[in-house]
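# Predicted coordinates and the sequence they were generated for:
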Amino acid sequence: MSCKRPASKLSRHAAQGISLVGIYVWLLSIIPCNATEIPPTWEVHTPHGILGYDLQRHVLVATNGVVVRYGDSTLVADQAVLDQSTGEAQAEGNVRIYHGQQVWVAESVRYNFKTRQMETRQFRTGKFPVFVAAANLTGDITNRIYIATNAIVTTDDVDSPYTYLTARYIKIISGEKIVAYNAVLYLGGIPILYTPYYTRQLAPRSSHFSVTPGYRSAFGPFLLGSYNWAINTNMDATIKLDYRLKRGVGTGFDFDWDRVPGLTLSGGYYYLSDEEPELDLTGRQYDRDRHYAYGNFLYTPASNSEMRASFSYQSDSGLLREFFESKYRDNPKPPTYVEAVQSWDNFSLAAGASLRLNDFQETVERLPEIRFSAYPQRIFNTPIYYESYSSVAYLHRRFAETNGPLLPRYEGNRADTFHQISAPFTLFQWLNVTPKMGDRVTWYSKTKGPGAVTTEEWRNVFNTGVELNCKLWRSWPTLTNRLLQLDGLRHIIEPSVTYVFVPEPNRTPDRLPQFDYAIASEMLTPIEFPEYSAIDSIDSQNVIRLGLANTLQTKRTGVVEDFFSWKLLIDWRLDPNPGQNTFSDLYSSLVIVPRPWLKLYNDLRYDTEQSRFNLVRNTVLMLPGPRWAWAITYYYLRDDLNPWPTGLGPGTHALNNIVEYRFDENWSFRTSHYFDLNSGEVKEHVYTVQRDLRSWTAALAFRVRDTYEGKQDYGVSLMLSLKAWPRTRSEASFETYSTLNGS
C-alpha cells in the first residue's frame, strides 16, 4: 500500500488549479462583510481530453483526463460525469480528491462537491504520518467524519507495509484521529496483538512511549523510559522514569507550551536518588539526593519588544556532566536571568537581572541592570554620527564555593555612560575613512563584602581613532575550470587599518572592582569601543590593527559562492602595556571549497615574537554524496598558564575523526574517535549501527572513553524510535541515541 503526501502526486494542472483556488479565497477575504456572498464557480480543464456538455441538464462529460475544481475541493480523474445543478460527480480511473491537506485516492468515486458526501471502493487516503486503505468508504468531508470497512492503517509509506493494523470497521475524523474496532496489529505479516478498541491521533505530535535499554560501566545495566504526551496542539510533555542498577531510580518531566501567540514556555525537573554518587574535583562525594530543574520563557508581544527569562538549578557540579551530557556539552554553566528589551529605530531600552542559583559556579549577579543604547545616527543634516551606551547596575561578584580556598566576594553599584561621534567620508572614491572620538564616565560606589577593597571612585576614559578600509575587485567572467567547478571568477581584496588611542585613565583597573573583566580568548579581542565590553578592565591603548581579507567567488549551479576566503589580523602595539608584546599573535582564518562536497577549514594564531604557533585548528569535511561523509579535525592549543582569567590554561593536542557510511536504504554506520596526541591514546571512541525498520529506526551504539578521573567508561545502548513520531527531546545523557552518535 502506498499513499504519498498530496503534493507529491498532484499533477501540473491540479497545482495550477490549487493556486487559482488560493487567489479566489484571497479575493473573498477582502470583500466587505455586508457584501453579497459570491457562490463558488466551476472550473473544468481537459488539456488533452474530450469535453461534452448538455446545456439543458447542465451535465458535463469529460474523458482522457479531467480536472474539476469547486470551492476548496479539487477532483482529478481519467474520466468523469458531472451534474453542475446537484454537484454530483461520478469519476473513474486514477481518481484523486484534494481537500485541505488530505488526499483521497481510488479507482472509482461518487462525490458531491456541494454536500461533500463521498462513496468509494478500494480507496487510499493519508495525512502524514498516518495512511489508511479500505475496501469501502462513506462519509461527509464537511463534517470530516468517514466510515470505512475492511481497513488497513499504517505509518509505512510503502506498497507493502511492515507494521500495520487491520480492522473490520474504522471511523476517520479528518485531521484529528482514527478509531478502529476489533483491530489486530501485524509485524511482518504476523499478528501479534488484538484489541477491541484502538485510537490514534493523526497529528504529528502524537503521544507515545520510548524505551532505551543499555549498559554503562558507571551505571551498570539501565533502562530509560519516557512517555511523550501530546496534551493538545499547544503543549507537549515528556514524563521520565529511569532505572540504573548501580545508581538507582530517576524520574522527572519536560514540557513545551506555546498557546499564546508570541509566547513560549519550556522547562523540566529531574530527581535521582543516587545509590553510588561519584566524587567531585576536591574528592568529596556528592549527596545522594540529586536534582536538576530548568525553565525558559520568551514573549514577543511586538516585533520591537521582547521579554525573556531562564533559570537552571543543579544540586551539584557533576549532575549535568554525568546524566545530561548533551546539555553539559552545549553549555556547562547555563545562566539564570530575566530581561525585557524595547527597541525603536535608533534607540533601545533594556532592563534585567541575573543571579546565581548554583553555589559551585562563579557568577556576577546583576540585581538589577538597566541599559540604554542610542545606535549610530546622523546629527541633523551634518556628516557627523552619534552613538551612546549607558547602564546602571547593582553588581555582586560571587566566586565558586567549594571545599577548597574561597575567594572573598564583593558587591557594589556602578553607573557607566559612553558617548562617541564619528564622521565617515570617502577619499579618491574608493577609500573609506571613519575618524572617531568618544568619552566614557564610570562611577563606582564603595564596595561591600569580605573581598571589598575599593572606595567610591570616578573614572574617565577618553578614546579616539580612525578606521580605513576599501574594497578592490576584478573579475574574469569567461574563466572556467572543470576540476574546481568554476564558472567565472571574481577576486575581492579588502585591506583595513584601525587605529585606537586611549590615554591612561585617571583610575587604572587595579583600583576598580572587577565585575566585567577581560578574559582569555582564542580569538583576538575587540580593540574599539563599544565592542570592547570589559568595562572594568579598560586601560591605556595605542594600537593599530591591520587586516586583510581575500575572497575568490564563482558561480555554481547559477548561484554565486565563495570558494576561497582568507582573513588575516594582527595588532601593532605602539605603546605596549606591561605583559604585552609589540605585536600580537597573527590570526588567520582560511576556508577553501574546491568542490561543493569538499570543504577545508584552517584557523591559527602565530606568535610573531617567539616564532611559534599558539593555536592550529584544521578541519576537512567531505560530503561526496548520500552514501558517506567524513570529517577530521586536528586541534593544537599551546599551554597558556598565565593567571586566571587572562590565561587559557593547559593546552590541547588532539585529533577528532567522524565517519558515516550508509550501506543501503536500511543500514548505516557511524564511528567517531578522539585521539590525544600528547599521550598517544584514544580518549574516546564511539560506534553506532542504525537499521531502518520502515516504521521504526533502531540504533545500537557502543562507546569507550576516559573520564576526568582517569578511569575508562564503557557503555552500550539500544534505541528504538518511531519514524512517524521521532524523539524530539534529548535527555542529554550518555544513553540517548543522539549522544551515543556523537552529535
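On my side now, so go ahead. Source: prediction; values computed, not measured.
# First-to-last residue distance for stretch 337-351?
11 Å (CA to CA, to the nearest Å).
# err, stretch 271-282, not the other one
24 Å.
# got the contact list for it?
218, 246-252, 285-291, 316-319, 322-323, 402-404, 708-709 (CB atoms under 8 Å, 6 or more residues apart in numbering). (C-beta placed from N, C-alpha, C; glycine too.)
# Put the alpha carbons of stretch 417-424 into CSV.
The C-alpha coordinates for stretch 417-424 follow below in CSV (Å, rounded to 0.1, in the frame of the first residue of the first chain):
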residue,chain,number,x,y,z
THR,A,417,27.9,56.1,30.2
PHE,A,418,29.7,56.1,26.9
HIS,A,419,29.3,58.6,24.1
GLN,A,420,31.0,58.7,20.7
ILE,A,421,30.9,60.7,17.5
SER,A,422,32.2,59.7,14.1
ALA,A,423,32.4,61.4,10.7
PRO,A,424,32.7,58.8,7.9
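# buried ones in that stretch?
418, 420-422 (16 or more other CB atoms under 10 Å).
# what do you get for stretch 429-440?
So for stretch 429-440, counting by 16+ other CB under 10 Å, buried means 434, 436, 438, 440.
# Settle this for me: the third one is touching Phe418, isn't it.
In this case it means Gly438. Yes - the pair Gly438 and Phe418 passes the contact test of CB atoms under 8 Å, sitting 6.4 Å apart.
# any shared contact partners between those two?
Contacts common to Gly438 and Phe418, judged by CB under 8 Å, 6+ apart, are Phe529.
# Three-state assignment for Asp510, please.
Put simply, Asp510 is helix when judged by DSSP: H, G, I helix; E, B strand; the rest coil.
# distance of it from Asp539?
Noted for Asp510: a distance of 9 Å to Asp539, by CB to CB, to the nearest Å.
# Who has more neighbours out of the two?
The neighbour comparison of Asp510 against Asp539 (other CB atoms under 10 Å) goes to Asp539, with 15 against 9.
# ok, that one touching Pro578?
No - applying CB under 8 Å as the test, Asp539 and Pro578 come out as separate, 9.6 Å apart.
# Look up the closest residue to Pro624, ignoring the ones flanking it.
Trp597 (4.6 Å; CB to CB, 6 or more residues apart in numbering).
# For that neighbour, list the residues it contacts.
Contacts of Trp597 by CB under 8 Å, 6+ apart are 622-625.
# ok, now Pro477?
488-489.
# repeat that with 6 Å
Gly488 (CB atoms under 6 Å, 6 or more residues apart in numbering).
# per-residue confidence for it?
At Pro477, the pLDDT value in this model is 91.
# Tabulate the CA atom coordinates of the helix or strand encompassing it in PDB.
Per DSSP states H and E, Pro477 falls inside strand 472-481. Extracted C-alpha coordinates of strand 472-481, given in PDB (Å, rounded to 0.1, in the frame of the first residue of the first chain):
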ATOM      1  CA  LEU A 472      39.100  46.200  -4.600                       C
ATOM      2  CA  TRP A 473      38.000  43.600  -7.100                       C
ATOM      3  CA  ARG A 474      38.500  42.200 -10.500                       C
ATOM      4  CA  SER A 475      36.500  39.600 -12.400                       C
ATOM      5  CA  TRP A 476      37.200  37.100 -15.200                       C
ATOM      6  CA  PRO A 477      33.600  36.200 -16.400                       C
ATOM      7  CA  THR A 478      34.800  33.700 -19.100                       C
ATOM      8  CA  LEU A 479      37.200  31.700 -16.900                       C
ATOM      9  CA  THR A 480      36.100  28.100 -16.400                       C
ATOM     10  CA  ASN A 481      37.700  25.100 -14.700                       C
END
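# what's the next secondary structure element after it?
Remark: after strand 472-481, the chain's next helix or strand is strand 486-502, criterion DSSP H and E.
# Show the average pLDDT along the helix or strand that comes right after that following strand.
Note on strand 486-502: by DSSP H and E, the next helix or strand toward the C-terminus is strand 541-556. Per-residue pLDDT values across strand 541-556 average out to 95.
# relative orientation of the helix or strand just after strand 541-556 and strand 486-502 in degrees?
Once the chain leaves strand 541-556, the next helix or strand it forms, by DSSP H and E, is strand 559-573. For strand 559-573 against strand 486-502, the angle by axes from the mean of the first three to the mean of the last three CA atoms, to 10 degrees is 30 degrees.
# residues of the helix or strand following strand 559-573 that come out buried?
Of the helices and strands lying after strand 559-573 in sequence (DSSP H and E), the nearest is strand 586-595. Going by neighbour count (16+ other CB under 10 Å), the buried part of strand 586-595 is 586-593.
# All set, thanks.
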